[in-house]
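A.B. asks: just need the structure, nothing else, for what follows:
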Amino acid sequence: NMAMQPCMRVSTLATGMLLLSAALGLATANESPSGCVAITAPTTSSGGCLQINLTTLPPGPFTVHDSYPMPYVVTTPCINLTQAQTNCSSFAGGDDAGTPVYAVAGAAECYALGHTPMTSATLLDPANPGAGMIVELDGGVGGRVLKYAFTCDPSAPLSAGPTNATQEQGSYTIHWPTSLACQPVAVGCNEPAVPRPTADQLAFQEMEFGALVCYNMATTTGTQGCPAHSVPPVSAFTEVAPADVDTDGWCQAIKSFGGRYATLVAKHVCGFAIWPTKAGLPDRNWTYEYHVPADRDIVQAFVTSCQKVGVKLGIYYSVVSNEYLNVANGLVRPQSTLGPGQVAVTQEEYASIVVQQLTELWSHYGDLAEIWFDGGFAVPSLEPQLLALLNRTQPHACIFNGCGLSPNAVAWIGTESGHAPYPVWNTQDGCPSGAGTPYGTNYVPKEVDLTLQNADTWFYRESTGYRSLADMASIYHDSVGHGGNMLLNIAPPPNSTLPITAVRRYAALGHWISTCYGTMGIAAPSALATTKTPCVNCSKVRLQVDSGTGPRQLDRFLLKEDLRNGQLVMKFTISVDSTVVFNGSAIGRSLIVILPANVTGSVVTLEVQSARAPPTIRLFAVPNPSVCSITAAAESCSYVNDTLYLGPVKGSSTEQTVAACCQKCREDLACAFFTFYQNTCSLIIAQQGSKAQPGAVSGSPA
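C.D. replies: Numbers count the residues shown, from 1 in each chain. Coordinates of the predicted model:
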C-alpha cells in the first residue's frame with residue numbers, strides 16, 4: 001500500500017540468502033547484488049548511520065566456546081546453509097536456507113537457530129556509533145535467540161571471525177570484533193514507510209468476528225461439494241429445502257456469538273445459485289438455469305434477516321470452480337469431458353457469465369462488508385473486468401483472497417483448524433497465505449476460517465458433532481487473540497433450522513467472550529484492571545491489580561494496538577511485579593496472552609521495547625481468571641467412516657490405529673482434520689470436498 005523508502009525491509013531471496021532489517025531504533029537492510037545485505041543503524045549524532053556490509057565479512061563457519069565444555073560453530077548471518085552444512089558431519093536443522101547454524105559435540109551435528117526472517121539490530125551505544133551494533137535473530141530451535149555483537153576493533157583484519165560466545169537463558173551472543181563496526185557512514189537511513197490499512201480494512205478488523213454461512217446444493221445432497229463432472233439436478237435442492245428458509249435463525253445465531261458480519265455462500269463449486277440469476281448468453285439464446293426459483297431468493301431473505309439484528313453482509317462466490325459449466329481451477333475443461341447435466345461454454349463465455357452474476361450480487365443486495373473468492377480469482381481475461389466492476393459497485397468491500405485486485409485485500413491464515421500461529425503480522429510481501437512478515441510492504445489483514453462441526457465439515461452432515469466450548473475458547477485465543485478475524489461456519493441442515501445443540505454452543509461462546517474479554521474494544525466489567533484511555537506514544541503501561549486487597553492470581557492479559565498508522569509494536573514485555581512473564585513481538589488488533597501457569601502479583605507492566613514508530617496502545621487489561629476459566633472436555637475424536645475428506649496434505653505418517661492418527665492431528669495446530677486409510681495417516685489443512693472410500697476414516701479431535 002505504501003511506497004518503500006531507503007533502508008527498507010526483511011525478505012528472503014530465491015537464492016536462500018536472508019535479508020535482515022528493522023526500523024526506528026533498529027537496523028534496516030539494503031539489498032546488495034550478491035544477495036546478502038548491508039546492515040544499517042541510525043545514530044543520534046550527525047554522522048549519518050553505522051553500516052556493516054555483511055558481504056565483506058568472511059563466510060565462516062567459526063568455532064567459539066561458551067561456558068559449556070563443547071565448541072559452537074557459527075557463521076556470518078547471511079551465509080547459505082549449504083555452505084555451512086559441508087562443515088558438519090551430519091545436519092539436523094532443516095530450517096530455511098540462509099539461517100545461522102551452530103554445532104554441538106565438536107561440530108558433529110548442525111542445527112538451525114535463526115529460523116524466522118525477523119531480525120533487529122541496535123547500536124551498542126546510540127550516542128557513540130563507533131562502539132558497534134548487535135544483530136539479533138529470533139525463532140531458533142527451542143525458541144533460542146542468536147545475537148551477533150559486532151564491536152569496533154580497528155586492528156581486526158576482515159578475515160577474522162568471532163572471538164567468543166556467551167550463553168544466556170534462551171540466547172547466544174556471538175562476539176565479533178571487526179573494523180567494519182568502527183566508522184559511521186553517510187548513507188540514507190530513513191525510517192521505512194510503514195504500510196497502513198485502508199479505512200475499509202481498518203473497519204473490517206474492528207469487526208473481529210464473522211460467520212461463513214454454507215447452505216447450498218451440497219447441503220441437500222449430503223456432500224461437501226460436487227465431485228468432478230457430477231451435477232445434481234435443480235430438484236435435488238428445491239424439493240428438499242423449504243420454501244421459506246429460516247434465515248432469521250441463522251442471523252440470530254450469528255448475533256448470539258458476537259458475529260458482526262456474515263458471508264453467505266451464494267454459489268459454491270457445483271455452480272448452483274441460491275438467488276434467481278438472470279445470467280445468460282444472448283448470442284446462443286441460452287440462460288443460466290441452475291438456480292432457485294424467482295420467488296425463493298435466499299440471498300435477499302438473508303440480507304433482510306441480518307439487517308434486523310445489525311449484522312453486515314458478505315458474499316461468497318466461487319469464481320474458479322463451476323461443475324455446471326465444467327470449470328475447474330478457472331479453466332473450462334474440454335467438451336469431451338462433459339458429464340450428465342453439464343453445459344459446454346467457451347472460456348470467454350464463462351468469464352461473461354461470472355461478470356453477469358457478480359454484477360447481480362454486488363449491485364442488488366446493498367453494501368458488502370466482505371467478498372469471498374475461495375481459491376482466488378484466476379480466470380483468463382477476467383481480472384480487468386472484476387477490477388472495473390468492483391470499483392463501480394463495491395469499492396469499500398474487503399476482498400478475501402483479493403491481493404493484487406483490491407487495496408482492501410484480506411489474506412487466508414493458511415489453515416482451517418482455527419489456530420493461527422503467533423505472531424501474526426498485518427504486513428506481507430506479495431500475496432501468500434499465512435501469518436505475514438514483520439516488515440512486509442503491503443498491509444493485508446488475516447482471516448481465520450473454521451467450522452463448528454467436527455472434522456472441518458462446512459456443509460451440514462448428520463452425526464458429525466460439534467466442537468466443545470473449551471475447544472472454541474482455545475480457537476478464539478488463537479484467532480482473534482492473535483490479531484486475526486475469526487470466521488465461524490454456520491451449517492444449517494436441509495430443513496434450514498439450526499439444531500438446538502449448535503444454537504446453544506454459539507450462544508455459550510458469545511456469552512463467554514463478552515464475560516471474559518468484553519465487547520467492541522472495551523474490557524469486561526469483571527476485569528481485574530484495565531486502562532481507561534489509550535496510551536499515546538506509548539512506551540510503558542502500569543496496572544494495579546490488587547485494589548488494596550493484596551496480590552491476585554493472574555493467568556492472562558488482553559492487549560489492543562491502534563492500527564491506524566500501521567502495525568508498529570515489534571517487541572514488548574509483560575511483567576508481574578518485577579518479574580517478566582511474557583516476551584512478545586506483535587500485538588496488532590488484539591492479542592490475548594495465556595500464561596502457562598498462574599502467577600501472583602499486585603502490579604502488571606507492559607513495556608514496549610521496540611517499535612517502528614511511537615505506538616498507541618488502545619487497551620491493556622487483566623481479565624479475571626475466575627470468570628474466564630473453562631473446564632476442558634475429555635479428549636476424544638470424531639469420525640466419519642467410509643469417507644475420504646479431500647484437501648492439501650500438511651504431512652503423512654504410518655500409524656497403526658485411527659486413534660494414533662487423531663492424536664497426530666491434535667498435536668499439530670495447523671491440522672484441520674485427518675484421514676486414515678490403509679495405515680496412512682494424512683493431516684489436512686483445508687477441506688476441498690469428499691469421496692466415498694470403503695475402509696477409510698476422516699475425522700478430527702473433539
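
A.B. asks: helix, strand, or coil at the nearest residue to V299 once chain neighbours are set aside?
C.D. replies: Counting by CB to CB, 6 or more residues apart in numbering, V299 lies nearest to W275, which is 4.2 Å off, once chain neighbours are set aside. Where C-beta positions appear, they are placed from N, C-alpha and C, glycine not excepted. The three-state assignment at W275 reads coil, by DSSP: H, G, I helix; E, B strand; the rest coil.

A.B. asks: how near is W275 to V245?
C.D. replies: Distance from W275 to V245, counting by CB to CB, to the nearest Å: 12 Å.

A.B. asks: now swap in V569 and tell me
C.D. replies: For V569 relative to V245 (CB to CB), the value is 45 Å.

A.B. asks: could you give the number of residues near the residue nearest to V299?
C.D. replies: The number of residues packed near W275 is 24, by other CB atoms under 10 Å.

A.B. asks: give me the pLDDT value at it.
C.D. replies: Note on W275: pLDDT of 98.

A.B. asks: for it, give me its contacts.
C.D. replies: Applying CB atoms under 8 Å, 6 or more residues apart in numbering to W275 gives the contacts 266, 291-292, 297-300, 360-361.

A.B. asks: picking up where we left off before, which neighbours do W275 and V245 share?
C.D. replies: With CB under 8 Å, 6+ apart, W275 and V245 have common neighbours I298.

A.B. asks: could you say which helix or strand holds the closest residue to R284 other than its chain neighbours?
C.D. replies: With sequence-adjacent residues excluded and distances taken as CB to CB, 6+ apart, R284 is closest to E349, at 8.0 Å. Using DSSP states H and E, E349 sits within helix 347-364.

A.B. asks: what's the first helix or strand after that helix?
C.D. replies: Following helix 347-364 in sequence, per DSSP H and E, is strand 370-372.

A.B. asks: what angle do the very next helix or strand once past that next one and helix 347-364 make?
C.D. replies: The helix or strand immediately downstream of strand 370-372 is helix 383-393, counting by DSSP H and E. Following axes from the mean of the first three to the mean of the last three CA atoms, to 10 degrees, one obtains 10 degrees for the angle between helix 383-393 and helix 347-364.

A.B. asks: contact partners of helix 383-393?
C.D. replies: 351, 355, 358-359, 362-363, 371, 377, 397, 399, 405-406.

A.B. asks: just curious, which of the residues you listed is nearest to S468?
C.D. replies: Nearest to S468, judged by CB to CB, of the contacts of helix 383-393 is I371 at 32.3 Å.

A.B. asks: residues in contact with the closest one?
C.D. replies: Residues near I371 by CB under 8 Å, 6+ apart: 314-315, 317, 362, 390, 394, 397-400, 402.

A.B. asks: one more pass at 6 Å, please.
C.D. replies: 315, 397, 399 (CB atoms under 6 Å, 6 or more residues apart in numbering).

A.B. asks: ramachandran angles for S179?
C.D. replies: Note on S179: its backbone torsions stand at phi -70, psi -20 [degrees, to the nearest 10].

A.B. asks: how much space between it and V135?
C.D. replies: From S179 to V135 the distance is 17 Å (CB to CB).

A.B. asks: repeat that for T166.
C.D. replies: Counting by CB to CB, the gap from T166 to V135 is 15 Å.

A.B. asks: check T530 too.
C.D. replies: Distance, T530 to V135, by CB to CB: 37 Å.

A.B. asks: these two: which has the busier surroundings?
C.D. replies: Higher neighbour count among T530 and V135: V135, with 25 against 17, using other CB under 10 Å.

A.B. asks: let me know the helix or strand that the more buried one is in.
C.D. replies: Judged by DSSP H and E, V135 forms part of strand 132-137.

A.B. asks: pull that strand out as CSV, backbone CA atoms only.
C.D. replies: What follows is strand 132-137, C-alpha atoms only, in CSV (Å, rounded to 0.1, in the frame of the first residue of the first chain):
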residue,chain,number,x,y,z
GLY,A,132,29.3,-1.2,17.2
MET,A,133,25.9,-2.9,17.0
ILE,A,134,24.0,-6.0,17.9
VAL,A,135,22.2,-8.0,15.2
GLU,A,136,19.5,-10.4,16.6
LEU,A,137,17.7,-13.3,15.0
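
A.B. asks: that strand pairs with which strands?
C.D. replies: Using DSSP bridges, the strands paired with strand 132-137 are strand 119-123 (antiparallel), strand 145-152 (antiparallel).

A.B. asks: now the weakest link among those strands, please, by mean pLDDT.
C.D. replies: Minimum mean pLDDT among these: strand 119-123, a mean of 65.

A.B. asks: shouldn't I174 be in contact with L146?
C.D. replies: No: contact criterion CB atoms under 6 Å: I174 and L146 do not qualify, at 7.0 Å.

A.B. asks: re the thing from before, and the gap between the residue nearest to R284 and T464?
C.D. replies: With distances taken as CB to CB, E349 is found 38 Å from T464.

A.B. asks: ditto for L386
C.D. replies: 35 Å.

A.B. asks: what's the answer for H482, then?
C.D. replies: According to CB to CB, H482 and T464 sit 27 Å apart.

A.B. asks: which of the two has more neighbours?
C.D. replies: Ranked by neighbour count (other CB under 10 Å), H482 and T464 place H482 first, with 25 against 20.

A.B. asks: contact partners for the more buried one?
C.D. replies: Shown in contact with H482 (CB under 6 Å, 6+ apart): 420, 422, 424.

A.B. asks: from K532, how far off is the closest residue to the second one other than its chain neighbours?
C.D. replies: For Y422, the nearest residue in space outside its immediate sequence neighbours is H482; the separation is 5.2 Å by CB to CB, 6+ apart. Counting by CB to CB, the gap from H482 to K532 is 25 Å.
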